[in-house]
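**Student:** Provided below are the primary sequence and the corresponding predicted coordinates.
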Amino acid sequence: MSTTPVVRAEHLRKAYGSTLAVADVSLTVERGEIYGVLGRNGAGKTTTVEMIAGLRRPDAGTVSVLGLDPTTQAAALHEKVGLQLQESALPDRLRVLEALELYASFYSAPADPADLLDLLGLTAKRDAAFKDLSGGQKQRLSVALALVGRPELAILDELTTGLDPHARRETWAVVEAIRDAGVTIVLVTHLMEEAERLCDRIALIAAGRVAAVGTPDQIVELAQGEHVLRVRPDVPVADDVLLGALAGVPGVREAVVEDRALVVRGGGALVQGVLVALAHHDVTTHDVRLERASLEDAFVSLTGAEGTGPELATTAAEV
Ligand SMILES: Nc1ncnc2c1ncn2[C@@H]1O[C@H](COP(=O)(O)OP(=O)(O)OP(=O)(O)O)[C@@H](O)[C@H]1O
């Protein structure tokens, strides 16, 4: 990875009248990564990327994109940054290839439209009118249009909103193909599954601020900082014996007995420590499960619960 970041945003702030859309956002996007901007609706994601793209002027803070200032060097930036914004619409009758050729004419050294159609799986639709495309095909065309200027950075906003699961997966594969072609990607999403699947790193945005930055795994760790270990003894053991066995075991933060199983929360070498301690107390077990918090849990924990509370999806791993 290059040492010069593709995007460096520091303390961005933007208000619309009395609405503070972005209170304080700093982020750094490195070359070649898929960087997720994840948050609930209204968290300030779109406003943040619009400031990065030079579409909105920050009230405070600084942005540098590929070494350029988006507010004063917009034309130069336009040559290097591809934008796919929410709800992009084209004239109904414009055909797929025509749209690409039209957009290509705006650039001095555009990508070959035929190559882009191929990359995005739209070759068979090259003569189809925009209005006759499916939702997924429209989205893929909007991505193709964002790429036609051979950008170094592509900003993709809510790319898969409204798509069915199949079309969504196809679009994810396209995003990975674009990254593999050497384009750095900023991906705005409110879908945790999408962020987890695609992003190298994520900035979790809540109420106009960055709640956490890291790989999907790091964010989960940060929020949870722990695993949940569930051990069911082979024969019933008194609760106080089970809990007493854990005294002094490093990494244990909390332990309870639920339905005759010992449930331990903690970090570090939790599994080994607990199993060794139980063995010392003659407690044997063949039923051990280690559960990792999901990104969804992390999201709720870092941004605050909303509505009916989290669905505690956990991925269980046999150990
Ligand atoms: N042009 C605007 N004028 C006034 N308020 C706005 C404008 N654009 C956004 N807002 C408000 O600013 C806040 C942040 O909006 P923004 O679109 O940046 O969030 P977001 O995280 O991208 O959400 P969404 O996914 O719903 O677009 C919201 O409260 C929104 O209603």
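**Tutor:** Nice, thanks for sending it over. Note that the structure is predicted; figures quoted are calculated from it, not measured.
**Student:** quick check, residue 163 in contact with residue 137.
**Tutor:** No - using Cβ atoms under 8 Å, residue 163 makes no contact with residue 137, being 10.1 Å away. Glycine gets a C-beta too; all of them are placed from N, C-alpha and C.
**Student:** residue 21 - that's part of a helix, no?
**Tutor:** No - read with DSSP: H, G, I helix; E, B strand; the rest coil, residue 21 is strand and lies in no helix.
**Student:** give me the neighbour count for the closest residue to it other than its chain neighbours.
**Tutor:** Nearest non-adjacent residue to residue 21, counting by Cβ to Cβ, 6 or more residues apart in numbering: residue 47, 4.2 Å away. By other Cβ atoms under 10 Å, the residues close to residue 47 number 25.
**Student:** quick one: contacts for the residue of the stretch 51-200 of the chain found nearest the ligand?
**Tutor:** Closest to the ligand within the stretch 51-200 of the chain is residue 190: 5.7 Å, counting by Cβ to the nearest ligand atom. Contact analysis of residue 190 by Cβ atoms under 8 Å, 6 or more residues apart in numbering lists 38-41, 43, 45, 158, 161.
**Student:** return the per-residue confidence for residue 300.
**Tutor:** On pLDDT, residue 300 comes in at 68.
**Student:** same check on the one 5 residues further on?
**Tutor:** The confidence metric pLDDT takes the value 50 at residue 305.
**Student:** pLDDT averaged over the helix or strand harbouring residue 276 - what is it?
**Tutor:** Using DSSP states H and E, residue 276 falls within helix 270-280. The pLDDT scores in helix 270-280 average 88.
**Student:** same question, stretch 62-77
**Tutor:** 94.
**Student:** buried residues in it?
**Tutor:** Within stretch 62-77, the residues that qualify as buried are 63-66, 68, 70, 76-77, counting by 16 or more other Cβ atoms under 10 Å.
**Student:** same question, stretch 81-91
**Tutor:** Per 16+ other Cβ under 10 Å, stretch 81-91 contains these buried residues: 81-85, 90.
**Student:** repeat that for stretch 125-143.
**Tutor:** 125, 128-130, 133, 136-143.
**Student:** again with stretch 242-252
**Tutor:** Residues of stretch 242-252 classed as buried: 242, 245-246, 249, 251-252 (neighbour count, 16+ other Cβ under 10 Å).
**Student:** which bits of the stretch 101-250 of the chain sit near the ligand?
**Tutor:** Applying Cβ under 6 Å from any ligand atom, we find that the stretch 101-250 of the chain lies next to the ligand at residue 190.
**Student:** which stretches of the stretch 101-250 of the chain form strands?
**Tutor:** For the stretch 101-250 of the chain, applying DSSP state E, counting those that start in this stretch gives strands covering 153-157, 184-189, 201-206, 209-214, 227-233.
**Student:** quick one: closest of those to residue 27.
**Tutor:** strand 201-206 (4.9 Å; Cβ to Cβ).
**Student:** quick one on the thing from earlier: what's the closest of the buried residues of stretch 242-252 to the ligand?
**Tutor:** residue 251 (36.6 Å).
**Student:** isn't the closest one right up against residue 266?
**Tutor:** Yes - counting by Cβ under 8 Å, a contact exists between residue 251 and residue 266, whose distance comes to 4.3 Å.
**Student:** let me see the confidence value for the spatially most central residue of the chain.
**Tutor:** Nearest to the geometric centre of the chain sits residue 195, at 2.6 Å (Cα atoms, centre = their mean). On the pLDDT scale, residue 195 is placed at 90.
**Student:** am I right that it is in contact with residue 201?
**Tutor:** No - counting by Cβ under 8 Å, residue 195 stays clear of residue 201, with 9.7 Å between them.
**Student:** list the residues that contact both of the two?
**Tutor:** Taking Cβ under 8 Å, 6+ apart as the contact rule, residue 195 and residue 201 both touch residue 36.
**Student:** looking at the buried residues of stretch 242-252, which gets the smallest pLDDT?
**Tutor:** residue 251 (81).
**Student:** what about residue 241, neighbour count?
**Tutor:** With neighbours defined by other Cβ under 10 Å, the count for residue 241 comes to 14.
**Student:** once you drop chain neighbours, what's closest to it?
**Tutor:** Closest residue to residue 241 apart from its sequence neighbours, by Cβ to Cβ, 6+ apart: residue 281 at 6.4 Å.
**Student:** could you check how far that neighbour is from residue 274?
**Tutor:** Separation of residue 281 from residue 274 (Cβ to Cβ, to the nearest Å): 11 Å.
**Student:** check what pLDDT residue 28 gets.
**Tutor:** pLDDT, read off for residue 28, is 97.
**Student:** what does the one 5 residues further on give?
**Tutor:** According to the prediction, residue 33 has pLDDT 96.
**Student:** what of residue 315?
**Tutor:** 33.
**Student:** which residue ranges of the chain form helices?
**Tutor:** Listed in chain order, the helices of the chain (DSSP state H) span 45-52, 74-78, 96-104, 113-119, 135-147, 165-180, 192-198, 216-224, 239-245, 270-280, 295-303.
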